[in-house]
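S.K.: Any chance you can model this:
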Amino acid sequence: MPITREIVVHTAKLARLELTDDEIDRLGAELSQITDYIAQLSEAVAGDAPVAPLSHLHTDAEAMREDEVQPNSVGKSVLARAPDSDGPFFRVPKVIE
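M.R.: Numbering: from 1, shown residues only. Take a look at the predicted model:
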């Protein structure tokens, strides 16, 4: 799907971006290449059947490790550098009345 100049200008307006004419032309070309590549990927086939979308990157054969609780001392070193703390918490000024 070719990305027209109008689409780029409209998208930039929605994103509140100020683009020069050169940037609009360059982004239009780059976005067109991206959408063309996505179209090619959607037509990919594996054998006789289309490729099914993935719900996750791991297959059923790859067992995920069990979660294990491990000691973490990062919080203490971060709190040590904080301007003000109260036990395991950061103290910050009240901003809502």
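S.K.: State which helix of the protein is the longest.
M.R.: Identified as the longest helix of the chain according to DSSP state H is helix 21-42.
S.K.: Check which residues of that one are buried.
M.R.: 27-28, 31-32 (16 or more other CB atoms under 10 Å). Any C-beta I mention is one placed from the backbone N, CA and C, and that applies to glycine too.
S.K.: Kindly state the pLDDT recorded for the residue nearest to Ile3 when sequence neighbours are not counted?
M.R.: Leaving aside its chain neighbours, Ile3 sits nearest to Leu31 (4.2 Å; criterion: CB to CB, 6 or more residues apart in numbering). Note on Leu31: pLDDT of 94.
S.K.: Please apply the same query to Met1.
M.R.: Listed pLDDT for Met1 reads 68.
S.K.: go on, the one 3 residues further on?
M.R.: Note on Thr4: pLDDT of 92.
S.K.: In this structure it contacts Leu31, no?
M.R.: No. With contact defined as CB atoms under 8 Å, Thr4 does not count as touching Leu31 (9.9 Å).
S.K.: Just the C-alphas of the longest helix of the chain, formatted as PDB.
M.R.: Taking C-alpha atoms only, helix 21-42 is exported to PDB below (Å, rounded to 0.1, in the frame of the first residue of the first chain):
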ATOM      1  CA  ASP A  21       8.900  18.900   2.900                       C
ATOM      2  CA  ASP A  22      12.000  16.700   2.700                       C
ATOM      3  CA  GLU A  23      11.100  14.800   5.900                       C
ATOM      4  CA  ILE A  24       7.500  14.300   4.600                       C
ATOM      5  CA  ASP A  25       8.800  12.800   1.300                       C
ATOM      6  CA  ARG A  26      11.400  10.600   3.100                       C
ATOM      7  CA  LEU A  27       9.000   9.300   5.700                       C
ATOM      8  CA  GLY A  28       6.400   8.600   3.000                       C
ATOM      9  CA  ALA A  29       8.900   6.500   1.100                       C
ATOM     10  CA  GLU A  30      10.100   4.700   4.200                       C
ATOM     11  CA  LEU A  31       6.600   3.900   5.400                       C
ATOM     12  CA  SER A  32       5.600   2.600   1.900                       C
ATOM     13  CA  GLN A  33       8.600   0.200   2.100                       C
ATOM     14  CA  ILE A  34       7.500  -0.900   5.500                       C
ATOM     15  CA  THR A  35       3.900  -1.600   4.500                       C
ATOM     16  CA  ASP A  36       5.100  -3.400   1.300                       C
ATOM     17  CA  TYR A  37       7.300  -5.600   3.400                       C
ATOM     18  CA  ILE A  38       4.400  -6.400   5.800                       C
ATOM     19  CA  ALA A  39       2.300  -7.300   2.800                       C
ATOM     20  CA  GLN A  40       5.000  -9.700   1.700                       C
ATOM     21  CA  LEU A  41       5.200 -11.300   5.100                       C
ATOM     22  CA  SER A  42       1.400 -11.800   5.200                       C
END
